Every structure is written in C-alpha cells, then in structure tokens.
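[1] Build me a model:
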Amino acid sequence: MTDTCLFCRIARGELPAHRVYEDDRIMAFLDLHPIRPGHTLVIPKAHHVWFEDLPEDLATAVTTCAQALARRMKALYGVERVAMVYTGIHVPHAHAHVVPMQHVHDISSQAYLQAGTEGWSAPPQLPPAEGAGIARDLAAAFSGPAAAETAG
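    Purely as a prediction, here's the structure:
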C-alpha cells in the first residue's frame, strides 16, 4: 500500500466507503460516482497500478468477487447484463468496475455512439488481413502450439 493512493487509504480504513465485501486480499465498495445504482469497485488491497501486474491468484479473486456481485445485481436490479471492466483512468490502483447495465450504452465507448445514445452502431469491420496480423501479434504473448492456432 502507498501513503497517498486513494484506494490504499480506503483499504486501510482511513477513508470512508460503502463496503460491499472484504477479505484479507480484496475489497468491494460502491463507486462514489456510479454509472447506475449498485456500481461497485473491486480492488486488491495490495497496491498494483495496472491490472496486468496483478498476480494471477489476486486477479482471480477480483473476478470471483465480481461474478458474485453480478449474480446479485441481476436479481436486485432485474438486469440481463452486468459489465466488469478494468479502467484505471482516475485512480492509479488496479480496480474493476462492476456495473448493472440498464442501458446498452452504460459502458460504451464513442466508437458505438455513431447512431446517438438511443441506438447502437457497430464500429467499422476489421479487414480480415489486418485482423490476422493483429491476432498474430497478440498471440505472441502466449507460448506453445495454442499461440500458433490462435494466430491462425
């Protein structure tokens, strides 16, 4: 934990939060600026700036908590979908947003808003050759035969 990180301070109990879940490694609490009621943040208590730096078991703990929240949110809010996304835009401490989606654009990027907020527009389709190259480049992150098949 760091002395100045907002989420580290919440994890230490120095700042108030509407806690939803807590164990020795993670904590879930309501977002102060929710997209929808129930919008919850799930954080590791240990300070990790980027989600890709989380140890695998800690990332799994965050996801497992988010899944439990999603099931409860569906029951409470009558929504079909609950989104989970790591953004890290405002606080440099890995955190997942778990958002009950009442509207298709609750977590949309500008790429989906060409038809306005009441519609949904698919971004331009990726040309097959470009997609093959991107998949090949990303598959290099994995080793073994599966990477070659993914790059296909």
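[2] Spell out the secondary structure type for residue 47.
    coil (DSSP: H, G, I helix; E, B strand; the rest coil).
[3] I should have written residue 83 there, sorry.
    Classified using three-state DSSP, residue 83 is strand.
[4] Help me confirm that it comes into contact with residue 99.
    Yes - counting by C-beta atoms under 8 Å, residue 83 does reach residue 99; the two are 4.7 Å apart. From N, CA and C alone the C-beta is placed, and that goes for glycine too.
[5] residues contacting residue 6?
    15, 91, 93 (C-beta atoms under 8 Å, 6 or more residues apart in numbering).
[6] tell me which of those residues is nearest to residue 117?
    Within these, the smallest distance to residue 117 is 26.5 Å, found for residue 91 (C-beta to C-beta).
[7] Let me see the contact set for that closest one.
    5-7.
[8] where along this protein do the helices fall?
    Taking DSSP state H, the helices of the chain run over residues 6-11, 56-77, 128-139, 145-151.
[9] Tell me, please, the helix or strand in the protein that averages the lowest pLDDT.
    helix 145-151 (a mean of 47; mean pLDDT, DSSP states H and E).
[10] which of residue 83 and residue 99 has more neighbours?
    Set residue 83 next to residue 99 and count neighbours by other C-beta atoms under 10 Å: residue 99 wins out with 24 against 19.
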